[in-house]
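Undergrad: Structure here, sequence nowhere to be found:
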């Protein structure tokens, strides 16, 4: 339920852009069935791209064919299947191009991702740029980074999708959550050589991920997802192999640690918005999440991502009160109704949190038990399937 605090005026929030954010450019050219015909579907796809791109601070070299330096971009057609090529595609610096579309995927599969191929000729420097974007060693057992020009993503045309900014209804699969998940694969999670070299004993061994998780991170049977039920900060990680209907899943610190392990420069500060329940608004319901986790190991109430639930989270929510953040839509300029000064909200919120925390320890909250395991009722899966292209090595 949204707060009905009095409207006192107008305030403008400006969220700073990262210095070298990566632009994930979404291209709908090959969406032949019109899966993205509605503005809402495109808005959610763009929101996911902005969310993830704004967390990355790498520099990717431009691919600019000229003279004898030429190449073809190869990718799996997102709607029809099979190899699609574009001769001498120009890819701007700090940009990753992702072709998206819809098609029937069969079974319980919601989506699949194929990393792009580069067929380059000309100078060694140009060939290296087309294949690694200036990111160093990206191929083979010594791979330590990933520099894609792009990818393609196919989304199921038969799934019941929620394309709205609001949370999904029962029985609907949240498209924003699925789009974030697949873009993670487009950036090398489970699909790059830098990932493969860090997998051993059915677990991911990347240093940042191990530090975040406290141990090597268990993987799914295919080795390209976290094992189902893997949590980070008390919530299901976005890169788990399954998604449950009726829920929204955000990027977690563990997901971003994996991207760091495969070479991306990640700014985790962008994860903090104050919208703990992902309903698009920072309000009283988020304070309830803080109260529910107050001074406990449950970090679902950690609004400012400092790894503890305390007064700092109350202050952070107060500073972002009634800020409409959408489903992690990234940066931008927005005008919102002004509310009482943050200090006043903190005082009120402290009383509320104290009362709720006391109630939590007395009568207690009625909690739903988190469902874990390889397969759960109502879940659909991001599963790998047989591969056709030589390095388009991930679907799902």
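TA: Looks like it arrived, so ask away. Worth saying up front: this structure is predicted, and the values here are computed from it rather than measured. Numbers count the residues shown, from 1 in each chain.

Undergrad: Within the helices and strands, which one has residue 43?
TA: Per DSSP states H and E, residue 43 falls inside helix 39-53.

Undergrad: And the next helix-or-strand element following that helix, what does it pack against?
TA: The C-terminal neighbour of helix 39-53 among helices and strands, as given by DSSP H and E, is strand 70-76. Packing contacts for strand 70-76, counted by 3 or more C-beta pairs under 8 Å, 6 or more residues apart in numbering; DSSP states H and E, involve strand 83-87, strand 117-121, helix 124-132, strand 150-156. C-beta: built from backbone N, CA, C; applies to glycine.

Undergrad: of all the ones you listed, which lies closest to residue 219?
TA: Closest approach to residue 219 among the helices and strands packed on strand 70-76 (C-beta to C-beta): strand 150-156, 20.6 Å.

Undergrad: Provide the strand pairings for the closest one, with the direction of each partner.
TA: strand 95-103 (parallel), strand 111-115 (antiparallel) (DSSP bridges).

Undergrad: Looking at those strands, which one is packed in the most?
TA: Highest mean neighbour count of the strands paired with strand 150-156: strand 111-115, a mean of 26 (counted as mean count of other C-beta atoms under 10 Å).

Undergrad: Show me what whichever helix or strand residue 26 is part of is packed up against.
TA: Using DSSP H and E, residue 26 sits within strand 23-27. Contacts defined by 3+ C-beta pairs under 8 Å, 6+ apart place strand 23-27 against helix 39-53, strand 95-103.

Undergrad: Give me the angle between it and helix 39-53.
TA: Orientation check (axes from the mean of the first three to the mean of the last three C-alpha atoms, to 10 degrees): strand 23-27 against helix 39-53 gives 150 degrees.

Undergrad: any idea of the mean pLDDT in strand 23-27?
TA: Taken as a whole, strand 23-27 has a mean pLDDT of 98.

Undergrad: which stretches of the protein have low pLDDT?
TA: Scanning the chain for pLDDT under 70 picks out 1-20, 269-273, 277-280, 295-299, 322-396.

Undergrad: So which residue is dead centre in it?
TA: residue 180 (3.5 Å; C-alpha atoms, centre = their mean).

Undergrad: The nearest residue to that one once chain neighbours are set aside and residue 249, how far apart?
TA: Among residues not flanking residue 180 along the chain, residue 48 sits closest, at 4.7 Å (C-beta to C-beta, 6 or more residues apart in numbering). Distance, residue 48 to residue 249, using C-beta to C-beta, to the nearest Å: 11 Å.

Undergrad: that older thread, compile the helices and strands packed on strand 23-27 into CSV and extend it with columns for distance to residue 241.
TA: Below are the helices and strands packed on strand 23-27 laid out as CSV (distance: least, C-beta to C-beta, whole Å):
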stretch, distance to residue 241
helix 39-53, 18
strand 95-103, 21
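
Undergrad: Show me the one of these that comes nearest residue 133.
TA: For residue 133, the closest of the helices and strands packed on strand 23-27 is strand 95-103, at 8.8 Å, according to C-beta to C-beta.

Undergrad: So which of the helices and strands packed on strand 23-27 is nearest residue 61?
TA: strand 95-103 (10.4 Å).

Undergrad: quick check: angle from the closest one to strand 83-87?
TA: Calculated by the same axes, to 10 degrees, strand 95-103 forms an angle of 140 degrees with strand 83-87.

Undergrad: any idea how far strand 95-103 is from the chain center?
TA: In this view, strand 95-103 has its centroid 15 Å away from the chain centroid, taken as C-alpha atoms, centre = their mean, to the nearest Å.

Undergrad: same check, this time on stretch 92-104
TA: Taking C-alpha atoms, centre = their mean, one finds the center of stretch 92-104 at 15 Å from the center of the full chain.

Undergrad: before we move on, what about stretch 220-238?
TA: Centroid separation between stretch 220-238 and its chain, computed with C-alpha atoms, centre = their mean, is 13 Å.

Undergrad: just stretch 308-317 next, same as before
TA: A distance of 24 Å separates the centroid of the chain from that of stretch 308-317, by C-alpha atoms, centre = their mean.
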